[in-house]
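> Build me a model from this:
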Amino acid sequence: MAETIMKGKPVIDKLNEHLKSRAEALRARGAAPALAIVRVGDNGDDMAYERNAAKCCEAAGVEVRLMHYGEDVPQAELIGCVRKLNEDSSVHGVLILRPLPPHIDDRAVCRALVPEKDVDGITEYSMAGLYSCKKVGFAPCTAEACVDMLDHYGVEIAGKRAVVVGRSFVVGKPVAMMLLERNATVTVCHTKTKNLAALCREAEILVVAIGHGKMIGREYLSPGQVIVDIGINFDEEGKMCGDVDYEAASETALAVTPVPGGIGKVTTAVLAKHVVEACSRLAERATKS
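Residues are numbered from 1 along each chain as shown. Model prediction:
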């Protein structure tokens with residue numbers, strides 16, 4: 001059995017305690033951290049994420065404002081909403097639930113959002129800030145949640161051989177850059193990578209975000225690894241599972257994240273962290289001006 005099961009709840013509890021203190025200090029200075037969530041339609045997954053985000057923000061002392069639109073909302077109206085939120089000094093972060101309906105240009109909506117309020121790392125400016133190591137916008141929440149999880153459980157990143165399986169803009173690429181910034185030696189793999197199992201076995205830190213349930217089995221693993229599983233899938237019995245075969249991983253790993261109960265809800269705690277940080281940055285600029 002793995003020495004450490006890296007559960008998300010202790011990470012969330014510690015983060016929320018810190019954030020609540022920061023939020024109270026900001027309110028004392030006249031700045032109340034606030035997040036606006038923009039949702040189009042009534043997609044069940046979007047509604048569930050919205051509820052989780054609102055609950056986590058409440059626990060962290062962050063106000064949440066909900067902006068709901070029908071499935072047929074014109075693109076111009078949605079972009080107009082984002083631009084109004086850009087100009088609203090009482091809103092510090094904006095979360096746009098995606099994907100958007102087919103008639104809306106997703107990239108155009110994302111581009112309308114200023115990076116200062118892009119608390120989920122969806123704009124090109126935020127990604128540029130991540131890759132240039134500058135504080136422009138924020139990293140995608142799930143990617144940052146992975147690093148926060150490793151930090152909470154005392155996993156040394158510097159000097160380690162890290163393998164990231166997955167190359168999405170939401171997780172794979174940004175988490176690879178964040179690990180590289182922390183002085184890990186990083187290899188990025190994907191479903192077309194040759195000898196994937198052999199590369200995974202070489203990892204000291206293995207991060208998996210590939211979108212295939214239990215794809216990473218025993219032949220991909222070696223003793224003493226730290227494994228971060230970001231996948232959310234459902235097996236043939238309808239049970240939630242990750243991209244890693246948890247049973248196999250728990251037999252050999254030094255530490256492993258469970259699914260569910262691992263990275264998932266840490267992501268929304270990081271969202272709250274970004275809102276508080278965005279509010280703090282704005283307060284600091286106001287003090288200096």
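
> For G137, the count of nearby residues, please.
Using other Cβ atoms under 10 Å, G137 is surrounded by 25 other residues. C-beta: built from backbone N, CA, C; applies to glycine.

> Which residue comes closest to it once chain neighbours are left out?
Counting by Cβ to Cβ, 6 or more residues apart in numbering, the nearest residue to G137 once its immediate chain neighbours are dropped is S126, at 2.9 Å.

> Just the element for that neighbour, please.
Assigned by DSSP states H and E, S126 belongs to helix 124-132.

> Can you give me the buried ones in that helix?
Neighbour-count burial for helix 124-132, counted by 16 or more other Cβ atoms under 10 Å, picks out Y125, S126, M127, G129, L130.

> same question, stretch 8-17
For stretch 8-17, by 16+ other Cβ under 10 Å, it's G8, V11, I12, L15, N16.

> Could you do stretch 116-124 as well?
E116, K117, D118, V119, D120, G121, I122, T123.

> Tell me which helix or strand comes right after whatever helix or strand L199 lives in.
Take DSSP H and E as the rule and L199 turns out to sit in helix 196-202. With elements assigned by DSSP H and E, the helix or strand that comes after helix 196-202 is strand 205-208.

> With only the CA atoms kept, save the helix holding S126 in PDB.
Only the C-alpha atoms of helix 124-132 are listed here, as PDB (Å, rounded to 0.1, in the frame of the first residue of the first chain):
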ATOM      1  CA  GLU A 124      -3.700  33.900 -24.200                       C
ATOM      2  CA  TYR A 125      -2.200  36.600 -22.000                       C
ATOM      3  CA  SER A 126      -2.400  34.400 -18.900                       C
ATOM      4  CA  MET A 127      -0.700  31.600 -20.800                       C
ATOM      5  CA  ALA A 128       2.000  34.000 -22.000                       C
ATOM      6  CA  GLY A 129       2.500  35.100 -18.300                       C
ATOM      7  CA  LEU A 130       2.800  31.400 -17.300                       C
ATOM      8  CA  TYR A 131       5.400  30.600 -19.900                       C
ATOM      9  CA  SER A 132       7.400  33.800 -19.300                       C
END
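
> Who are the packing partners of it?
helix 172-181 (3 or more Cβ pairs under 8 Å, 6 or more residues apart in numbering; DSSP states H and E).

> Could you pull out the buried residues of the helix it packs on?
For helix 172-181, a neighbour-count test (16+ other Cβ under 10 Å) marks G172, K173, P174, V175, A176, M177, M178, L179, L180 as buried.

> Determine how far that helix lies from the middle of the whole chain.
Chain-centre distance of helix 172-181: 12 Å, with Cα atoms, centre = their mean, to the nearest Å.

> repeat for stretch 190-209
How far stretch 190-209 lies from its chain's middle: 21 Å, per Cα atoms, centre = their mean.

> list the contacts for V40?
V40 makes contact with Y69, G70, E71, V73, L78, L97, L100, P101, I104, according to Cβ atoms under 8 Å, 6 or more residues apart in numbering.

> Can you read off the backbone torsions of it?
Here is the backbone geometry of V40 (degrees, to the nearest 10): phi -110, psi 120.

> what do you get for L35?
phi -120, psi 130.

> Surely it is in contact with E58?
No - L35 is not in contact with E58 according to Cβ atoms under 8 Å; the separation is 10.4 Å.

> okay, and the common contacts of those two?
Residues touching both L35 and E58 by Cβ under 8 Å, 6+ apart: V64.
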